[in-house]
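Student: 3D, please:
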Amino acid sequence: MTSGRVSAEPEFEGRLKSDPMEQPGSYGLILGPLVYNDGGAYDCRPKNSTAARVSTAMGEPAILPCVGNIKKQAHHGDLCVQWRRDGKVICKHCNNILTCSPEFKNRASLSTDHILQGNMSLTIKPTRSSDRGYYQCSYNEEKGNPAIVSLTVTEPLNVMFSTAAGSDEVLVASVKEGSVLFGSRYLGRGSDRVLSNTVVLRSVTLLDSGVYSITENNTGEAIGTVFVQAHVSPQEKWLGSPCW
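Tutor: Okay, here's the model as predicted:
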């Protein structure tokens, strides 16, 4: 999308239009009418801009870099630093006071001394898998550098199965650093590596129909849920359950 104009790939041709949003720096797309193959995860990235990638293990600290040209005579009262994730403000440092949204409260911090030196990096400690996303830093309406920071959090995840929401769950697999360890009921039925953020389950039967949930190993926090309906087929099928 450039200057409000949308150029689409063939499979989306004629079904996309831009969505004007009130928040400066925020952009949206409207897709319709929908087709079955539209299901999936979408992300928005600025074109031709500097970017940084940060990767950390869950529970470990993550430092998201951001620098800017701060005047030498500036005081804390002159500065208002904002950090956004996926377009939403998560932390503000204004008048030397840091306020953060509930999910980052007591976990996110900026160095008061470093801000006046032009270093507005955000530290998140400890990290959660839900912290993944694209972050942007700005100060006094100026964009920080890099323009965007991509944070990836990698650490143990569990894929659980139940025949219906609320029923007893069975461990399908545990995922750690890209490796997959299947539970006893699913041994020999899948790849031992994550493929494109997906746990692959083979030799699917009707008994595999149900609810698959992805949870953090350490906290049990649910990250996502997928309902799968298996169909009878004489050929081998692949069942994809996203890891996050």
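Student: contacting residues around K143?
Tutor: Residues near K143 by CB atoms under 8 Å, 6 or more residues apart in numbering: Q136, C137. Just so you know, the C-beta spots here come from the backbone N, C-alpha and C atoms, and that holds for glycine as well.
Student: Could you check the pLDDT of it?
Tutor: pLDDT, K143: 86.
Student: Equivalent analysis for P46, please.
Tutor: Note on P46: pLDDT of 57.
Student: Distance-wise, check Y139 relative to V199.
Tutor: Here Y139 is placed at a distance of 41 Å from V199 (CB to CB, to the nearest Å).
Student: same thing with A108?
Tutor: 30 Å.
Student: Of the two, which one has the most company?
Tutor: V199 (25 against 21; other CB atoms under 10 Å).
Student: So which elements touch the helix or strand where that one lies?
Tutor: If you go by DSSP states H and E, V199 is part of strand 198-201. In terms of contacts (3 or more CB pairs under 8 Å, 6 or more residues apart in numbering; DSSP states H and E), strand 198-201 is packed against strand 170-176, strand 239-242.
Student: swap the cut-off to 7 Å and go again
Tutor: Applying 3 or more CB pairs under 7 Å, 6 or more residues apart in numbering; DSSP states H and E, we find strand 198-201 packed against strand 239-242.
Student: F161 - how many residues pack around it?
Tutor: Counted with other CB under 10 Å, residues neighbouring F161 total 24.
Student: Can you spell out which residues form a bridge with it?
Tutor: Assessed by DSSP bridges, F161 has beta-bridge partners V170, Y212.
Student: show me the contacts for it.
Tutor: F161 makes contact with E169, V170, V172, G210, Y212 under the criterion CB atoms under 7 Å, 6 or more residues apart in numbering.
Student: Which of these sits closest to G224?
Tutor: Minimum distance to G224 across the contacts of F161 is 9.0 Å, recorded for Y212 (CB to CB).
Student: related to what we said a few turns ago, present the contacts of F161 as a markdown table; the columns should include neighbour count and distance to I223.
Tutor: A markdown table is the format used below for the contacts of F161 (neighbours: other CB atoms under 10 Å; distance: CB to CB, whole Å):
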| residue | neighbour count | distance to I223 |
| --- | --- | --- |
| E169 | 16 | 14 |
| V170 | 14 | 18 |
| V172 | 24 | 14 |
| G210 | 18 | 18 |
| Y212 | 23 | 11 |
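Student: got the phi/psi numbers for L29?
Tutor: With angles defined as degrees, to the nearest 10, L29 sits at phi -130, psi 140.
Student: Nearest spatial neighbour of it, chain-adjacent residues omitted?
Tutor: In this structure, L29 finds its nearest non-sequential neighbour in L16, 5.7 Å apart by CB to CB, 6 or more residues apart in numbering.
Student: I148 now?
Tutor: Distances taken as CB to CB, 6+ apart place A51 nearest to I148, at 5.0 Å, with adjacent residues excluded.
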